[in-house]
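**Q** here is my input, please return the structure:
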Amino acid sequence: MTTLETLAEKLHEQPLPAGWRTVRLRDLVQEAQAGFACGRRDPQGVVQLRMNNVDTRGNFVWNDVLRVPADAAPVVQYRLVPGDVLFNNTNSTELVGKSALFEGYDEPVVYSNHFTRLRTKPEVLLPSILAAWLNHQWQRGVFASLCNRWVGQSAVKADKLLKLDFPLPPLPQQQRIAAALREQMAAVEKARIASHAADEAAGSAYEAFVRSLFETAEAETWPRLPLLSLCDGSGQYGTSQKSNGEGIGVPVLGMYHIHEGKIRWEKVSSVDLEDVVKAKYLLRQGDLLFNRTNSAELVGKTAVYDVDKEAVFASYLIRFRLMSAAADPHFVSAYINSRRGRQFIERHMGRAIGQVNISASTMHRMPVPAPDMSIQSSLGQAICRRYDELARLKSALGQQAQAVRALPAALLRMAFAGAI
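**A** Residues are numbered from 1 along each chain as shown. The predicted model follows:
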């Protein structure tokens, strides 16, 4: 099936509801105006919207705007007025076509050449209905099928956009659909915010639990020993051998695979190593994997390798192998990930362009609480239980969030099927 056939199929999957008619988009808009490029910045200038200023829910994002010189001619030509619809004509293939309805701002706003401004003929098409339809087509992949693609970006030209057939309801029905969508989308946004807050609260509860272990009067009495003194040898850097996505060799874990204190077995590549080399990097249950290089907020994340399966680790990680008689791996890992552990890492990490790092020799000096092994084991087990509880809760919250994220698309499908 050709691209045009696929596009036609997406646009005409169902017959139109009674009273609706198919109209070319170009006959419903009075203007389709591309924006302008400007490489200059002016803190006192006019707000110019860029790609990142429209999110995937059809909203404008105002907390990260650029300002350009407020030259009179561009401001007059490209200024947005309430009712304008901005169509993101240039972006990645996945994002090209996201759109938003401009409802006003407390100062003049213009827009970049990554957008096309659409002004409807309001006597036949409400702007809010156009914005909703454009986002509906974006979610269905219409613009990904329609766009021209280059390395790093894709674009939908205005002539292709305006040739699309629009399913036009009568104006009274548009008004009813617009009111219903506004109300229901507001309810979805409230649900999304509540879901996000619940997820953050779950993470905060776990952090509070960890603080209750390491930031108490009792914990202050525990002896502290350098991490190296708890290890069976020095920290070891992983293999620098290039991985492959073909499953040849042994699974190799990298910095992506340390997530929220656990190993995640997603997107695992393999590396083909000679047996002698592989033996050097094979992981054992109880090994600590420490992310030595990453962004500032992620460098230092640590997890216990607690599965009985064959895998090695990549060079961005350090393996610390603890002596079983001296330290419990879950206890030590939780401490490194705790606020106290993070404070040590932040004081000692080195910075380079785009990332930070911390060496094994620096981590060897990290003072780690070393209470009696019975205490460490007991707390290590409590940490595992609490983490498992958190994982179950976050999984349930994730399913809830996924359901909430699916609601806007479902509402738009219903709206343009005449079911709202």
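
**Q** from here on, contacts and neighbour counts on C-alpha atoms
**A** Will do.

**Q** for residue 74, give me its contacts.
**A** Going by CA atoms under 8 Å, 6 or more residues apart in numbering, residue 74 touches 36, 110.

**Q** confirm it sits in a strand?
**A** No: Residue 74 sits outside any strand when classified using DSSP: H, G, I helix; E, B strand; the rest coil, being helix.

**Q** so which residues of the chain form helices?
**A** In the chain, the helices defined using DSSP state H lie at 3-11, 72-78, 127-139, 142-146, 158-162, 171-214, 217-220, 275-281, 329-337, 339-348, 360-364, 373-415.

**Q** output the below-cut-off pLDDT ranges for this structure.
**A** For the chain, applying pLDDT under 70 flags the ranges 1-14.

**Q** let me have the helices of the chain in JSON lines, extended by distance to residue 46.
**A** As requested, these are arranged in JSON lines below (distance: least, CA to CA, whole Å):
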{"stretch": "helix 3-11", "distance to residue 46": "38"}
{"stretch": "helix 72-78", "distance to residue 46": "8"}
{"stretch": "helix 127-139", "distance to residue 46": "24"}
{"stretch": "helix 142-146", "distance to residue 46": "30"}
{"stretch": "helix 158-162", "distance to residue 46": "25"}
{"stretch": "helix 171-214", "distance to residue 46": "29"}
{"stretch": "helix 217-220", "distance to residue 46": "55"}
{"stretch": "helix 275-281", "distance to residue 46": "56"}
{"stretch": "helix 329-337", "distance to residue 46": "44"}
{"stretch": "helix 339-348", "distance to residue 46": "38"}
{"stretch": "helix 360-364", "distance to residue 46": "48"}
{"stretch": "helix 373-415", "distance to residue 46": "32"}
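
**Q** which one of the ones you listed lies closest to residue 318?
**A** helix 360-364 (6.9 Å; CA to CA).

**Q** contacts for stretch 353-360, please.
**A** Residues outside stretch 353-360 that contact it (CA under 8 Å, 6+ apart) are 234-237, 292-296, 299-300, 318, 345, 348-351.

**Q** what does stretch 155-172 give?
**A** Contacts for stretch 155-172 (CA under 8 Å, 6+ apart): 11, 16, 19-26, 32, 89-91, 93, 96-97, 116, 123-126, 143, 146-149, 416.

**Q** just the buried members of the residues you listed?
**A** Buried members of the contacts of stretch 155-172, counted by 16 or more other CA atoms under 10 Å: 11, 16, 20, 25-26, 32, 89-91, 93, 96-97, 116, 125-126, 143, 146-147, 149, 416.

**Q** show me these that map onto strands.
**A** 32, 90-91, 116, 149 (DSSP state E).

**Q** which one of those is nearest residue 57?
**A** Nearest to residue 57 among these, with distances taken as CA to CA, is residue 91, at 15.8 Å.

**Q** which residues does the closest one bridge with?
**A** residue 154 (DSSP bridges).

**Q** contacting residues for it?
**A** By CA under 8 Å, 6+ apart, the residues touching residue 91 are 51, 114, 153-155.

**Q** ok, residue 173 next?
**A** Counting by CA under 8 Å, 6+ apart, residue 173 has no contacts.

**Q** still on that earlier bit, pull out the buried members of the contacts of stretch 353-360.
**A** 234-237, 292-294, 296, 299-300, 318, 345, 349.

**Q** want to throw these into a markdown table with distance to residue 250?
**A** Formatted as a markdown table, the buried ones among the contacts of stretch 353-360 follow (distance: CA to CA, whole Å):
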| residue | distance to residue 250 |
| --- | --- |
| 234 | 24 |
| 235 | 21 |
| 236 | 18 |
| 237 | 17 |
| 292 | 22 |
| 293 | 23 |
| 294 | 24 |
| 296 | 30 |
| 299 | 25 |
| 300 | 25 |
| 318 | 18 |
| 345 | 31 |
| 349 | 31 |
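
**Q** what's the spacing between stretch 141-155 and its chain's center?
**A** Relative to the chain's own centre, stretch 141-155 is displaced by 21 Å; criterion: CA atoms, centre = their mean, to the nearest Å.

**Q** start and end of that stretch, how far apart?
**A** 13 Å (CA to CA, to the nearest Å).

**Q** start the count at 34, not 1, going forward
**A** Sounds good: first residue 34 from here, last item stretch 174-188.

**Q** so residue 352 makes contact with residue 268?
**A** Yes: in this structure residue 352 lies within contact range of residue 268 using CA atoms under 8 Å: 5.5 Å.

**Q** now flag whichever of the ones in strands among the buried ones among the contacts of stretch 188-205 is closest to residue 429.
**A** residue 124 (33.0 Å).

**Q** next, count neighbours for residue 239.
**A** 16 (other CA atoms under 10 Å).

**Q** which residues are in contact with residue 287?
**A** So residue 287 contacts 346-350 (CA under 8 Å, 6+ apart).

**Q** could you redo the last one with a cut-off of 6 Å?
**A** residue 347 (CA atoms under 6 Å, 6 or more residues apart in numbering).

**Q** now it: how far from residue 385?
**A** Taking CA to CA, one finds residue 287 at 20 Å from residue 385.

**Q** what's the answer for residue 178, then?
**A** 40 Å.

**Q** the more surrounded of the two?
**A** Per other CA under 10 Å, whichever of residue 178 and residue 385 has more neighbours is residue 178, with 19 against 10.
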